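S.K.: Below: sequence and its predicted model.
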Amino acid sequence: MKVTDVKAFVVDCFRTNWVFVKVYTDEGITGVGEGTLEYKEKAFLGALEHIKEYLLGKDPRDIEQHFHMIYRDAYWRGGPVLMSALSAAECALWDILGKSLGVPVYQLLGGKCHDEVRIYVNGWFAGAKEPEEFAEKAKIAVQRGVTAMKWDPFGKSYLQISGADLDKALRNVAAVREAVGNGVDLLIEGHGRFDVPTGIKIAKELEQFKPMWFEEPTPPDNLEALKAVRDKSPVPISAGERLYSRWDYRKLFDTRAADFIQPDISHAGGISELKKIAAEAESRYIPFAPHNPSGPVANAATLQLAAACPNFCILEIMYSDVDWRKDVTNEALEYKDGYIKIPDKPGLGIEINEEECLKHPYQPHTLRHYTGALTDIRPAKTEFYF
């Protein structure tokens, strides 16, 4: 079997663009992956062209070798651009391998440790601005069986936060906690916003609401800063969505800077690399909670991986999406009472519809995190998809 082509399909999804990668072979078996580089998709496409040059004519089933060679031969190694493109291609190769053998990818990773995985939802708050609006949307999510939810209540603050803005953020969390009760886990997103003293102050204020974690309280560039917050935080700290390989994670592990790790299958090297990162975390008794706010192909790949990781804890998933999500793939999730069942189809168990993807071409989008528009992540017409 030889690779004959590699194509990218950039699909507008309102808040960003999904980038699906499809690898074709001379035996008619194809594989799909996703490596969305939020807001910088053109850079992703350039990196993918270099990966395509390497893969053409090679056996797609030699996944470990291909990862090693592509990573080794990038003189400027690592980083979000190369690793996101490599992640997408790598997942597509696993999809081909599973299809060629007629088995789901989790079987190739050693089999299932989990028949289903617990999820927490992101995006449930779309359009909310005031604490009362967050509370009402949280109630609706719980009525649909949601048992854990994440959001960023910090507006457009960066590095520091004013007393008024902190008061509003805490009223927001309090309103949601009161709305859902103590039986639902709350996960508070920091988006790498704060300096060390501010992160510590907020962590101490959050303790009263018993969050499952406070995510990425400091910018991702300095793990010592993250550790400084964790050392004085009364609540668990999670991080890792902006680390791009096992080598990046080594420093996080050695400094013990986080209580939960969150590598992203679309950015940190794909299935094999995340399996290695999860195994290292397992040896240190750190829960594995993959970052997964992307599209349907990334979700399918992460589910296969989560099934095979003993220390898997909880999986992020988007609560609602653009109404064409159901058209661009054949995604079919089985959801019940806060859990999603692991699919059993060969490969990743998902296919993209190329014609439907082309109906929603690339659109430029910009980062909303520090503009006060973070909750404007969905169009007026949205659909629940699980």
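M.R.: All right, it came through fine.
S.K.: how about the strands in the stretch 51-200 of the chain?
M.R.: In the stretch 51-200 of the chain, the strands defined using DSSP state E, counting those that start in this stretch lie at 116-122, 148-151, 185-189.
S.K.: Next: the stretch 251-386 of the chain.
M.R.: Listed in chain order (using DSSP E, counting those that start in this stretch), the strands of the stretch 251-386 of the chain are 260-261, 315-318, 320-322, 335-336, 339-341, 382-384.
S.K.: per-stretch mean pLDDT over those, give me the minimum one.
M.R.: Set side by side, the strands of the stretch 251-386 of the chain give their lowest mean pLDDT on strand 382-384, at a mean of 68.
S.K.: what's the spacing between stretch 299-311 and its chain's center?
M.R.: Between the centre of stretch 299-311 and the centre of its host chain there is 12 Å, according to CA atoms, centre = their mean, to the nearest Å.
S.K.: Okay, buried residues for that stretch please.
M.R.: Neighbour counts using 16 or more other CB atoms under 10 Å place 299-309, 311 of stretch 299-311 among the buried residues. Every residue, glycine included, has its C-beta placed from N, CA and C.
S.K.: What is the least confident helix or strand in the chain?
M.R.: Among the helical and strand segments of the chain, the one scoring lowest on mean pLDDT, DSSP states H and E is strand 382-384, with a mean of 68.
S.K.: contacting residues for the residue nearest to Ala279 when sequence neighbours are not counted?
M.R.: With sequence-adjacent residues excluded and distances taken as CB to CB, 6 or more residues apart in numbering, Ala279 is closest to Cys309, at 7.9 Å. Contacts were defined as CB atoms under 8 Å, 6 or more residues apart in numbering; by that measure Cys309 touches 113, 275, 278-279, 282, 288.
S.K.: 10 Å instead, please
M.R.: 106, 109-110, 113-114, 117, 274-275, 277-279, 281-282, 288, 290 (CB atoms under 10 Å, 6 or more residues apart in numbering).
S.K.: are any of those residues buried, and which?
M.R.: Buried members of the contacts of Cys309, scored by 16+ other CB under 10 Å, are 106, 109, 113-114, 117, 274-275, 277-278, 281, 288, 290.
S.K.: Present the residues you listed as JSON lines; the columns should include distance to Ile261.
M.R.: JSON lines is the format used below for the buried ones among the contacts of Cys309 (distance: CB to CB, whole Å):
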{"residue": "Tyr106", "distance to Ile261": "20"}
{"residue": "Leu109", "distance to Ile261": "18"}
{"residue": "Cys113", "distance to Ile261": "17"}
{"residue": "His114", "distance to Ile261": "17"}
{"residue": "Val117", "distance to Ile261": "16"}
{"residue": "Leu274", "distance to Ile261": "10"}
{"residue": "Lys275", "distance to Ile261": "13"}
{"residue": "Ile277", "distance to Ile261": "7"}
{"residue": "Ala278", "distance to Ile261": "8"}
{"residue": "Ala281", "distance to Ile261": "5"}
{"residue": "Phe288", "distance to Ile261": "6"}
{"residue": "Pro290", "distance to Ile261": "9"}
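S.K.: out of those residues, who's nearest Pro343?
M.R.: When the buried ones among the contacts of Cys309 are ranked by distance to Pro343 (CB to CB), Tyr106 comes first, at 9.0 Å.
S.K.: Might one say that that closest one is in contact with Thr302?
M.R.: No. In this structure, Tyr106 is not within contact of Thr302 by CB atoms under 10 Å, at 11.1 Å.
S.K.: pull the longest helix from the protein.
M.R.: Ranked by residue count, the top helix of the chain under DSSP state H comes out as helix 80-101.
S.K.: same for it, what does it pack against?
M.R.: Contacting helix 80-101 under the criterion 3 or more CB pairs under 10 Å, 6 or more residues apart in numbering; DSSP states H and E are the following elements: strand 3-12, strand 17-25, strand 31-34, helix 41-55, helix 63-72, helix 105-108, helix 271-283, helix 296-307.
S.K.: Point to the residue nearest the middle of the protein.
M.R.: Central residue of the chain (CA atoms, centre = their mean): Asn292, 2.0 Å from the mean position.
S.K.: which one is that one nearest to, not counting chain neighbours?
M.R.: Of all residues not flanking Asn292 in the chain, Glu316 sits nearest, at 4.4 Å (CB to CB, 6+ apart).
S.K.: if I pick the one you found, what's in contact with it?
M.R.: Contacts were defined as CB under 10 Å, 6+ apart; by that measure Glu316 touches 119-123, 148, 150, 187, 215, 241, 262, 264, 289-294, 299, 302.
S.K.: low pLDDT regions in the stretch 101-250 of the chain?
M.R.: Segments of the stretch 101-250 of the chain classed as low confidence (criterion: pLDDT under 70) are not present in this model.
S.K.: got the contact list for the closest residue to Gly35 other than its chain neighbours?
M.R.: Of all residues beyond its chain neighbours, the one nearest Gly35 is Ala88 (2.9 Å), with distances taken as CB to CB, 6+ apart. The contact partners of Ala88, by CB under 10 Å, 6+ apart, come to 6, 8, 19-23, 32-37, 44, 47-48, 51, 265-267, 270, 297-298, 301.
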